[in-house]
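J.: here are the coordinates; sequence isn't available:
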């Protein structure tokens, strides 16, 4: 006869005390972890579809590793799904509490509802951890028999207070408005000491000062890994360098590159060309690599460019590169660097030297004559307290442009005459070209000589209304970064303006920062695809004002255009910005859609002297303002 045991365990106690077989995260993901989104929804994690995911999971399983950083692009990497698999494997091997950090409360609740909750419901071994209570899965919270999975979000310390999870995931931290939130989130598991684990993954956004994951990875990771792919032809391991992704000959059209799937990667050893299929084979045979690897590290980083992943074709990478290169603006180049190489953008500073401007002078190009290649003229006007500066520029459909005229006008009458100016066309005596679009900034300086006390802004609005010209627009520079270069809106006039003028005026707000980037970093280059040429009569007055500003960084690492010295005039620079905005593709209808040049036929052919270089503008050759050195 057997004696009864001195004590008995309840089912819950057995579940807690029972030892669990240790399996790797990769094995757990492939056998148990169900995917809940994407084309493989309902299947377990596909290691064959995500070889880099396996590498990350093996890195996570290293006994000494406590923190993993992963910087990679969005969508194609499966960063978030891999992070959830790592968390789930940790909970399976040693049931514990975990926490997941998100950018905001709305995103946190959505992710728990659409991903984390379904992972627990559809993965049997995770479902077995849930209590029988139907309220186990809640908004921003999953309760288990051994703890919980908590949702944390940036900007709310309360969402992370009074919890002590063993595992912390921080997802897409570069999207957080509060850049210190990730650091506060990872503090939650410090009480677990040598058992705590942290997984931080994000797309890199902005520059080095702005990207929190890049900054933290550089400061804390003892080793930063890359992926070495192995050539399927010669077995040579190599880190895939962007410079080895190529397209045929002089092919630069993004549409053609995508249509023909024209890009390939060239092996640095045998020159074998990898198409997307061979690239996938090379990466699947690859491994993590660091130039100075260290054993028994506790913190590791990983940087993965987009072209390593099967979901990103090499042709898409090159198409996006040529799109960014053609735009040429730092904003577009920053987007490419963040989205494909997965690195922060290096802010470019620029001093705008006079030699750069002088290099654009065409010494055989006369002033006040429209080149034969041009299809339209634009004029930017900068309104000052007692005068108006202006620039007239000719444009080809390709984006190439030529300075035609510039100067200063002393009063409104002179301005109205200039608005109606026409210019001769090189090689033609039967046509002239009027100004297709004109814009004037609404300013804001008050004129003390006016009894009404209106600001210059109100005067300019009234001028635009009174002239009632469909080609004459009011503009102003944006006070902060905006999503588009040109934004259209309506604005009213001051309440003291007579009632008969109390109408709304169409106002175009310009991102002058992006336009200056476009001018100086793309177009003011002789080898540019859209060069901004100057005529032979450009004087020192123009050069001084065009070089009055420089591109620098503010205290937060953001690029900013600022004066080189206090009080230095920049009126003609502003005029060039306004003239360029009028021809920008975002100002609709776009100049590129013009069916033919905007010529106006003349009744009497121009004389040879007129067609050689004299403007039909009634102001041609006149010094309107005696305090100004003249017009060019």
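T.: Sure thing, it's come through. Worth saying up front: this structure is predicted, and the values here are computed from it rather than measured.

J.: what is the least confident helix or strand in the chain?
T.: helix 608-613 (a mean of 44; mean pLDDT, DSSP states H and E).

J.: where do the strands sit along the stretch 401-550 of the chain?
T.: Taking DSSP state E, counting those that start in this stretch as the test, the strands found in the stretch 401-550 of the chain are 401-409, 422-424, 431-434, 437-441, 472-477, 486-491, 505-510, 532-533, 549-553.

J.: nearest to residue 97 among those strands would be which one?
T.: When those are compared by Cβ to Cβ, strand 549-553 sits nearest residue 97, at 42.0 Å. (Glycine included, C-beta is placed from N, CA and C.)

J.: could you list the buried residues of the following helix or strand past that closest one?
T.: As assigned by DSSP states H and E, the chain's next helix or strand after strand 549-553 is strand 559-563. Within strand 559-563, the residues that qualify as buried by neighbour count (16 or more other Cβ atoms under 10 Å) are 559, 561.

J.: between strand 559-563 and strand 549-553, how many degrees?
T.: 140 degrees (axes from the mean of the first three to the mean of the last three Cα atoms, to 10 degrees).

J.: please state the offset of the helix or strand just after strand 559-563 from the chain centre?
T.: For strand 559-563, the succeeding helix or strand toward the C-terminus, using DSSP H and E, is helix 571-582. For helix 571-582, the gap between its own C-alpha mean and the chain's C-alpha mean amounts to 24 Å (Cα atoms, centre = their mean, to the nearest Å).

J.: name the helices or strands packed onto helix 571-582?
T.: Helix 571-582 sits against strand 376-383, strand 388-395, strand 401-409, strand 437-441, strand 472-477, strand 505-510, helix 512-518, helix 540-546, with contacts defined as 3 or more Cβ pairs under 8 Å, 6 or more residues apart in numbering; DSSP states H and E.

J.: parallel or antiparallel, which strands does the shortest one pair with?
T.: Pointing back at strand 437-441 there. Sheet pairing of strand 437-441 (DSSP bridges) gives strand 376-383 (parallel), strand 472-477 (parallel).

J.: need the contact partners of that strand.
T.: 376, 378-383, 388, 419, 460, 463-464, 469, 471-477, 508, 574, 578-579, 581-583, 587 (Cβ atoms under 8 Å, 6 or more residues apart in numbering).

J.: if we go to 6 Å?
T.: Residues outside strand 437-441 that contact it (Cβ atoms under 6 Å, 6 or more residues apart in numbering): 378-383, 419, 460, 471-473, 475-476, 578, 582.

J.: re the thing from before, can I get the strands paired with strand 437-441 in TSV with distance to residue 308?
T.: As requested, the strands paired with strand 437-441 are exported to TSV (distance: least, Cβ to Cβ, whole Å):
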stretch	distance to residue 308
strand 376-383	45
strand 472-477	41
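
J.: so of those, which one's packed in deepest?
T.: strand 376-383 (a mean of 26; mean count of other Cβ atoms under 10 Å).

J.: sketch out the low-pLDDT regions of the stretch 501-632 of the chain for me.
T.: 501-502, 604-632 (pLDDT under 70).

J.: how does it look with 80?
T.: 501-504, 555-558, 603-632 (pLDDT under 80).

J.: who are the contact partners of the nearest residue to residue 262 once chain neighbours are set aside?
T.: Take residue 262 and drop its neighbours on the chain: the residue closest to it by Cβ to Cβ, 6 or more residues apart in numbering is residue 247, 5.1 Å away. Applying Cβ under 6 Å, 6+ apart to residue 247 gives the contacts 257, 262-263, 318.

J.: same thing but at 10 Å, please
T.: 253, 256-257, 260, 262-264, 314-315, 318-319, 321-322 (Cβ atoms under 10 Å, 6 or more residues apart in numbering).

J.: then residue 185?
T.: Neighbours of residue 185 in contact, by Cβ under 10 Å, 6+ apart: 99-102, 152-154, 157, 159-160, 165, 168-170, 173, 176, 198, 200.

J.: what about burial for these, which qualify?
T.: 99-102, 152-154, 159-160, 165, 168-170, 173, 176, 198, 200.

J.: give me the subset of those lying in strands.
T.: Secondary structure from DSSP state E places 99-102, 152-153, 168-170, 198, 200 of these in strands.

J.: could you identify the most distant pair in those residues?
T.: Farthest pair in those, by Cβ to Cβ: 153 and 198, 16.8 Å.

J.: residue 127 against residue 121, yeah?
T.: Yes: using Cβ atoms under 10 Å, residue 127 makes contact with residue 121 at a distance of 6.1 Å.

J.: mutual contacts of those two, please.
T.: In contact with both residue 127 and residue 121: 34, 136, using Cβ under 10 Å, 6+ apart.

J.: the two - which one has more neighbours?
T.: residue 121 (16 against 13; other Cβ atoms under 10 Å).

J.: list the contacts for that one?
T.: Taking Cβ under 10 Å, 6+ apart, we find residue 121 in contact with 34, 36, 127, 130, 136-137, 142.

J.: please apply the same query to residue 322.
T.: 247, 251-254, 256-257, 336.
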